[in-house]
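Chemist: this one's structure only:
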């Protein structure tokens, strides 16, 4: 099947609200499942569940991406328990695709009840402006909590883009959503046994980036947009930078996205000083861990940009499991086998330094800008601990002395935790060179059923 070929239908004459076919999306073949809400509001019966199951099994067998375009009111009540059985079989088949072929879900209308959980299995979810998704609807929420809420307030696209972290990309329409899917697939291999597809690049890998010398503000407490760094390092083409951000509104203190460096697709994970000073919390740790595992599954090298003062303190965060969820990010990096390049831009303190792909977690190459501060903590906290009996008037001098001796990248470089301190103007060239060197890297995977991570 070549690009432009007519779609090959699967189970074409089976009745129901779901159809499936092998289609061309932006020049890439994919198994596409489409449900429609035109019949019974898209309720899924046994035959529909079987169609989704067969499509997922076909994607797995053909080693093609699976794209689910969903608009469904849930399991068909008139089908009884058979409807639930069909959805269970579909969910099992889609789960079997996880980590082997990319799974992308597009929500174009309602996604309600059990079938909505299919979205949680997908690697990436794109939602249109009028879509909504929830497990328990407004009526049930009102019955159990006494709170009246509308469908879009409960599970509309903005809610999932901002609060739940379900929606990776918001789209204006169905066509726009499918364009986004085609763009995302252009970064990804068809399956985990392939490398991500490289593209011809007219942007020199060693292009100087002198504009990055002015990125870090003179004041230590001032912020900047780390997306500028990712965009400058990424390839530039006729349409601008190749950097594409995912989940931009969820936990904005951590930026994740896909880009290309020297034509090679890579995943960027970066602290965002513009939001909560780049501190990590539960949602940021989950967002980062999910992205690292996604990139690792589909052979995308990771470039980590670090500027974080630490984990966000708080009683509620600790009670909600900051230890366990914070460990998710460390666990994901420690397990990752793809090439990993770390660049420390400014602050890298304490436990946040560790989980942001530190040398101890196994990064392959680590670089730092000259003004980077790598330490257990900042000067203010260190002086309060080390010199708690000092007179208040001496604190300023003590902070200055601590910063001069410890808040530099040189001590880390002397111990081998940082491979080189680089000029920001050389950032793209250094990152591109590192990725080129690491392109032949191979790692022996341990023989075990699976890990038991801090989910």
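Modeler: Alright, I've got the coordinates. Small disclaimer: the values here were computed from a predicted structure and weren't measured.
Chemist: Now that residue 271 has come up, it's in contact with residue 311, right?
Modeler: No: under the criterion of CB atoms under 8 Å, residue 271 makes no contact with residue 311, lying 11.9 Å away. Heads up, the C-betas are built off the backbone N, CA and C, glycines and all.
Chemist: which of these two has more neighbours?
Modeler: Neighbours per residue, other CB atoms under 10 Å: of residue 271 and residue 311, the larger number sits with residue 271, 30 against 22.
Chemist: What's the separation between residue 353 and residue 417?
Modeler: 10 Å (CB to CB, to the nearest Å).
Chemist: hang on, I meant residue 129
Modeler: Distance, residue 129 to residue 417, using CB to CB: 46 Å.
Chemist: out of those two, which sits in the more crowded spot?
Modeler: Per other CB under 10 Å, whichever of residue 129 and residue 417 has more neighbours is residue 417, with 18 against 14.
Chemist: and that one, what does it touch?
Modeler: When contacts are counted by CB atoms under 8 Å, 6 or more residues apart in numbering, residue 417 is found next to 358-360, 366, 374.
Chemist: The nearest residue to residue 166 once chain neighbours are set aside: neighbour count?
Modeler: Distance criterion CB to CB, 6 or more residues apart in numbering; nearest residue to residue 166, sequence neighbours excluded, is residue 160 at 4.0 Å. Neighbour count of residue 160, defined by other CB under 10 Å: 26.
Chemist: For the remainder of this discussion, apply numbering that starts at 39.
Modeler: All right, first residue 39 from here; so that's residue 198.
Chemist: Isn't residue 198 up against residue 207?
Modeler: No: if you go by CB under 8 Å, residue 198 and residue 207 don't touch, sitting 11.0 Å apart.
Chemist: Which pLDDT value belongs to the residue nearest in space to the middle of the chain?
Modeler: For the chain, residue 329 is the residue whose C-alpha lies nearest the centre (CA atoms, centre = their mean; 3.1 Å). On pLDDT, residue 329 comes in at 98.
Chemist: What of the one 3 residues further on?
Modeler: pLDDT, the model's per-residue confidence, is 97 for residue 332.
Chemist: And for residue 486?
Modeler: Per-residue confidence for residue 486 comes out at a pLDDT of 72.
Chemist: For it, give me its contacts.
Modeler: Counting by CB under 8 Å, 6+ apart, residue 486 touches no other residue.
Chemist: following the host helix or strand of residue 308, which helix or strand comes up?
Modeler: When secondary structure is defined by DSSP states H and E, residue 308 falls within strand 302-309. Proceeding N to C from strand 302-309, the next assigned helix or strand is helix 320-335, under DSSP H and E.
Chemist: Report the angle between that next one and strand 302-309.
Modeler: 160 degrees (axes from the mean of the first three to the mean of the last three CA atoms, to 10 degrees).
Chemist: ok, residue 245 touching residue 464?
Modeler: No: in this structure residue 245 lies outside contact range of residue 464 using CB under 8 Å: 10.2 Å.
Chemist: Sort out which residues of stretch 60-71 are buried, please.
Modeler: Neighbour-count burial for stretch 60-71, counted by 16 or more other CB atoms under 10 Å, picks out 60-63, 66-71.
Chemist: how about the strands in the stretch 239-388 of the chain?
Modeler: 274-275, 278-279, 282-284, 292-299, 302-309, 340-346, 378-387 (DSSP state E, counting those that start in this stretch).
Chemist: lowest-confidence stretch among these?
Modeler: When those are ranked by mean pLDDT, strand 278-279 comes last with a mean of 84.
Chemist: ok, back up a step: in ChimeraX, select just the buried ones from the contacts of residue 455.
Modeler: In ChimeraX, this line selects whichever of the contacts of residue 455 come out buried by 16+ other CB under 10 Å:
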select :396,397,404,412
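Chemist: between the contacts of residue 455, which is nearest residue 238?
Modeler: Residue 238 lies nearest to residue 404 out of those, by CB to CB, at 30.0 Å.
Chemist: circling back: residues that sit against both of residue 391 and residue 455, list them.
Modeler: Taking CB under 8 Å, 6+ apart as the contact rule, the neighbours common to residue 391 and residue 455 are residue 412.
Chemist: so who does the residue lying closest to residue 374 once chain neighbours are set aside touch?
Modeler: Distance criterion CB to CB, 6+ apart; nearest residue to residue 374, sequence neighbours excluded, is residue 334 at 4.3 Å. Counting by CB under 8 Å, 6+ apart, residue 334 touches 340, 370, 373-376.
Chemist: Residues in contact with stretch 192-208: which ones?
Modeler: By CB under 8 Å, 6+ apart, the residues outside stretch 192-208 that reach it are 145, 157-158, 162-172, 175-176, 179, 190-191, 215, 218, 222, 284-289, 321, 324-325.
Chemist: now stretch 362-371
Modeler: With CB under 8 Å, 6+ apart as the test, stretch 362-371 has contacts from 318, 320, 323-324, 326-328, 330-331, 334, 349, 378, 389, 392-395, 399-401, 489, 491-493.
Chemist: Now, of these, which are buried?
Modeler: By neighbour count, with 16+ other CB under 10 Å, the contacts of stretch 362-371 hold 318, 320, 323-324, 326-328, 330-331, 334, 349, 378, 389, 392-395, 399, 401, 492 as buried.
Chemist: For the protein, which residues score under the pLDDT cut-off?
Modeler: Where the chain drops to pLDDT under 70, the residues are 39-44, 75-78, 80, 114-117, 414-429, 431-444.
Chemist: how's this protein carved up into domains?
Modeler: Under the assignment automatic domain parsing, the domains of the chain span 46-223, 248-410+446-476.
Chemist: Using TSV, please lay out these together with distance to residue 239.
Modeler: Converted to TSV, the domains of the chain look like this (distance: least, CB to CB, whole Å):
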stretch	distance to residue 239
domain 46-223	17
domain 248-410+446-476	4
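Chemist: Can you say which of the ones you listed is nearest to residue 430?
Modeler: domain 248-410+446-476 (20.6 Å).
Chemist: what's the distance between the closest one and the middle of its chain?
Modeler: 12 Å (CA atoms, centre = their mean, to the nearest Å).
Chemist: Need the distance between the two termini of it.
Modeler: Start-to-end span of domain 248-410+446-476 (CA to CA, to the nearest Å) is 25 Å.
Chemist: now stretch 459-469
Modeler: This stretch, stretch 459-469, spans 13 Å end to end (CA to CA).
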